[in-house]
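S.K.: what's the 3D shape of this:
(one chain, ligands or ions: 2)
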Amino acid sequence: MPYVVTENCIKCKYMDCVEVCPVDCFYEGENMLVIHPDECIDCGVCEPECPAEAIKPDTETGLESWLELNANFAKSWPNVTTKRDALPDAKEWDGKPGKLELLSPEPGEGD
Ligand code: SF4
Ligand code: SF4
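M.R.: Ligands and ions are numbered 1, 2, ... in the order given. Okay, the predicted model is just below:
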């Protein structure tokens with residue numbers, strides 16, 4: 001029953017979440033982070049840390065496709081445990097609908 005990163009992380013990537021995860025299970029894409037569902041211990045500490053409210057427990061309905069997306073990208077993106085600056089226009093994109101089509105499949109920097 002892992003937590004998953006959802007649409008509002010895209011183009012924001014505030015990264016507050018990575019610093020609190022006790023098992024370091026965040027993985028970084030160019031403009032989004034994901035959680036590795038097999039590594040997440042479901043502690044929930046990251047959820048309130050996300051300024052974009054993008055982290056949800058997968059027990060919420062309608063998150064199946066996000067869980068799959070997190071699982072897939074966690075296999076190819078690098079692990080990240082250190083917070084860096086948010087994307088430059090993060091505030092502008094926070095809360096905008098339709099961000100999924102802007103998701104980059106490219107990996108991020110990682111640690
Ligand atoms: S804190 Fe939220 S917006 Fe920032 S990287 Fe983590 S999930 Fe994405
Ligand atoms: S719920 Fe806990 S283990 Fe899972 S990603 Fe968040 S902080 Fe990490």
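
S.K.: CA only for contacts and neighbour counts going forward, please
M.R.: OK.

S.K.: nearest spatial neighbour of Ile41, chain-adjacent residues omitted?
M.R.: Nearest residue to Ile41 in three dimensions, chain neighbours excluded: Pro2, at 6.6 Å (C-alpha to C-alpha, 6 or more residues apart in numbering).

S.K.: with Glu47 as the reference, measure out to the one you found.
M.R.: Pro2 is 11 Å from Glu47, where distance means C-alpha to C-alpha, to the nearest Å.

S.K.: who's more crowded, those two?
M.R.: Neighbours around Pro2 and Glu47, counted as other C-alpha atoms under 10 Å, are more numerous at Glu47. The numbers are 21 against 18.

S.K.: contact partners for that one?
M.R.: The neighbours of Glu47, taking C-alpha atoms under 8 Å, 6 or more residues apart in numbering as the test, are 17, 53-56.

S.K.: show me these that map onto strands.
M.R.: Using DSSP state E, the subset of those located in strands is 55-56.

S.K.: pick the one among the contacts of Glu47 closest to Asn79.
M.R.: Nearest to Asn79 among the contacts of Glu47, counting by C-alpha to C-alpha, is Cys17 at 12.8 Å.

S.K.: and for the closest one, the neighbour number?
M.R.: Residues within reach of Cys17, counting by other C-alpha under 10 Å, total 22.

S.K.: so what's it closest to, chain neighbours aside?
M.R.: Spatial nearest neighbour of Cys17, chain neighbours left out: Cys46 (5.1 Å); criterion: C-alpha to C-alpha, 6+ apart.

S.K.: can you classify Leu69 as helix, strand or coil?
M.R.: When classified by DSSP: H, G, I helix; E, B strand; the rest coil, Leu69 comes out as helix.

S.K.: number of nearby residues for it?
M.R.: Neighbours around Leu69, by other C-alpha under 10 Å: 17.

S.K.: and the one 5 residues further on, by the same measure?
M.R.: Around Ala74 sit 24 other residues, with neighbours defined as other C-alpha under 10 Å.

S.K.: does it lie in a helix or a strand, and which?
M.R.: Per DSSP states H and E: Ala74 is located in helix 64-76.
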